[in-house]
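S.K.: my questions are about this predicted structure, shown below with the sequence.
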Amino acid sequence: MPYASPPLASPPDARMGLPNLMRSLVEALGGPELPAPAIPGLAERLAGRQTLILLVADGLGEAQLRRHLPRGLLARQQLLRLASVFPSTTASAVGTLLTGLPPISHGLSGWHVWAEEVGDAPGELLAILPLSRRGGPPPPPETRIAWARQILAAPDLPLPLDLSTRLAAKVTHIAPNDILHSPFNEQLSQAAIRLGYQRLDELFAGLRQALEARDPARPHFIYAYWPDFDSLAHHFGPDSPEAVAALKAFQQGLGKFLAPGLEQAALLLTADHGFITAPPERLIRLDQHPDLHRLLRQPLSGERRAAYAHIQPGQVEEFAQRARERLGHALWVCPSQELLAAGWFGQGPLHPRLLSRIGDLTLILKEDWTLKDSLPGEREHRQIGMHGGVSPAERQVPLCLFT
């Protein structure tokens, strides 16, 4: 099948993206080599800092920074513009930040992941961060813990996924309590000290506590995660008063935290992805196209802006042709393995499950279109803000440096 014209001239930037940021940070900490090249000069700029802080503001893309905080602290201290990973979504991008690896190697292909290695069938279609079934009953806690160990172990890779176990540095993770102590996060922070919080002021108090608890004998890496803008942007829209107010409060809190100084530390702030506004009238429900839907061998996975289609044997050409004819105004139909070969999921060791997770075809949405299908009994989640696609607003994230 001929490769469809790619949505962009190139896959995510292989030199100035989140994997490159992690290579630079690990290099500055004296850690092990990672697959992506370092950002030129960044590790050298950070050298000599005993503590490196990576603060992740979920959803704060370059577009949101420029639109809502154009002359503020973050804009003034922006060092670079980085590319998120593909798909431009939390599961895949935070997967890179917690492992140091691109999606090709950590295998976290989106919010919904087909995990063939778990379940009784075998295989489960999971929301990977909460480790819950798509459209099914919630699993008991012990099952979620077991799934996290199975999915995030990747024994066939040449190195463990959990970056905290590969660093000689002291590692501290700071996140909201419900996220910090989830099976997913615990599996990817096994060697880290964990500090939880509830309110924004507690996030910065935790950062100060971690900063003051440095060990003179070794470097210290602090990873901190703030999800509030992302949650509000999904629910109200990325340009809503609620989401913008949260951004401004975050910037103000950061300024207060920085006021006493960082001494021998450096703080880098970035995001996992940006946002677009997705009008409800531009949502395509694939199950309302029964001749296409019946060609799927399982429900869609991935994202509403980049969905993976697992097709019935011998029906890939039929599905691709019909989808292009019917829905070509709203999406690109791309053979998943060709995206993989072209570097869309990054460069590095191939995760042993990635091919099964990305299916036969990847449906990448154009402009502000979104795509989903529905399962019986599945709860409807209406989202105004959306990400996961290939637009600049979703892909471009800032990197700010404070020393």
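M.R.: That came in fine, so what should we check first?
S.K.: what is the neighbour count of Gln198?
M.R.: 10 (other CB atoms under 10 Å). Every C-beta, even on glycine, is put in place using the N, C-alpha and C of the backbone.
S.K.: okay, now the unreliable bits of this protein?
M.R.: Applying pLDDT under 70 to the chain flags residues 1-9, 155.
S.K.: mind naming the longest helix for it?
M.R.: Longest helix of the chain, by residue count under DSSP state H: helix 241-258.
S.K.: helix or strand right after it?
M.R.: Using DSSP states H and E, the next helix or strand after helix 241-258 towards the C-terminus is strand 265-270.
S.K.: any idea of the angle that following strand forms with helix 241-258?
M.R.: 170 degrees (axes from the mean of the first three to the mean of the last three CA atoms, to 10 degrees).
S.K.: for strand 265-270, give me every contacting residue.
M.R.: Residues outside strand 265-270 that contact it (CB atoms under 8 Å, 6 or more residues apart in numbering) are 18, 21, 25, 46, 49-57, 74, 77, 82, 211, 254, 258, 397-403.
S.K.: can you pull the buried residues of that strand?
M.R.: Using 16 or more other CB atoms under 10 Å as the test for burial, strand 265-270 gives 265-270.
S.K.: okay, and the residue nearest to Phe275 when sequence neighbours are not counted sits in which element?
M.R.: The shortest distance from Phe275 to any non-neighbouring residue, by CB to CB, 6 or more residues apart in numbering, is to Pro238 (3.7 Å). Under the criterion of DSSP H and E, Pro238 resides outside all helices and strands.
S.K.: measure Pro238 to Arg218 for me?
M.R.: Note on Pro238: its distance to Arg218, by CB to CB, to the nearest Å, is 40 Å.
S.K.: name the residue in the two with the higher neighbour count.
M.R.: More crowded of Pro238 and Arg218, by other CB under 10 Å: Pro238, with 28 against 13.
S.K.: pretty sure that one contacts Ala278?
M.R.: No. If you go by CB atoms under 8 Å, Pro238 and Ala278 don't touch, sitting 10.0 Å apart.
S.K.: what sits in contact with each of those two?
M.R.: By the contact definition CB under 8 Å, 6+ apart, Pro238 and Ala278 are jointly contacted by Gly385.
S.K.: domain assignment for this structure?
M.R.: 49-277+396-402, 280-386 (automatic domain parsing).
S.K.: quick check: the residue nearest to Ala306 when sequence neighbours are not counted vs Ala192, distance?
M.R.: Nearest-residue entry for Ala306: Pro87, 4.0 Å, with adjacent residues in sequence omitted and distances by CB to CB, 6+ apart. As judged by CB to CB, Pro87 and Ala192 stand 26 Å apart.
S.K.: what about those two, which has more around it?
M.R.: Neighbour count, other CB under 10 Å: between Pro87 and Ala192, Pro87 has more, with 33 against 24.
S.K.: what sits against the more buried one?
M.R.: Going by CB under 8 Å, 6+ apart, Pro87 touches 109-110, 302-303, 305-306, 388-389.
S.K.: rerun that using 10 Å as the cut-off
M.R.: 12, 93, 103, 108-111, 273, 302-303, 305-308, 344-345, 358, 362, 364, 387-390, 394-395 (CB atoms under 10 Å, 6 or more residues apart in numbering).
S.K.: list the contacts of Pro238.
M.R.: With CB under 10 Å, 6+ apart, Pro238 has these contacts: 59-61, 63-64, 67-68, 229-230, 232, 244, 247, 274-277, 384-387, 393.
S.K.: can you select the buried ones from the residues you listed in ChimeraX?
M.R.: Under the burial definition 16+ other CB under 10 Å, those of these that qualify are selected in ChimeraX by:
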select :59,60,61,63,64,68,229,230,232,244,247,274,275,276,384,385,386,387,393
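S.K.: among the contacts of Pro238, which are located in strands?
M.R.: 276-277, 385-386 (DSSP state E).
S.K.: need those in CSV with distance to Ala154, can you?
M.R.: Shown next, in CSV, are the ones in strands among the contacts of Pro238 (distance: CB to CB, whole Å):
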residue, distance to Ala154
Ile276, 32
Thr277, 36
Gly385, 31
Met386, 29
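S.K.: can you tell me which of these is nearest Arg285?
M.R.: Met386 (15.0 Å; CB to CB).
S.K.: how many residues are close by the closest residue to that closest one other than its chain neighbours?
M.R.: Residue nearest to Met386 in three dimensions, not counting chain neighbours: Ala278, with 3.9 Å by CB to CB, 6+ apart. Using other CB under 10 Å, Ala278 has 24 other residues around it.
S.K.: from Arg134, how far off is Ala278?
M.R.: Using CB to CB, we find Ala278 at a distance of 20 Å from Arg134.
S.K.: ok, now Pro40?
M.R.: Between Pro40 and Arg134 the computed distance is 41 Å (CB to CB).
S.K.: out of the two, which sits in the busier spot?
M.R.: Per other CB under 10 Å, whichever of Pro40 and Arg134 has more neighbours is Arg134, with 18 against 11.
S.K.: the more buried one and Pro376 touch, don't they?
M.R.: No. Assessed by CB atoms under 10 Å, Arg134 is found out of contact with Pro376, at 11.6 Å.
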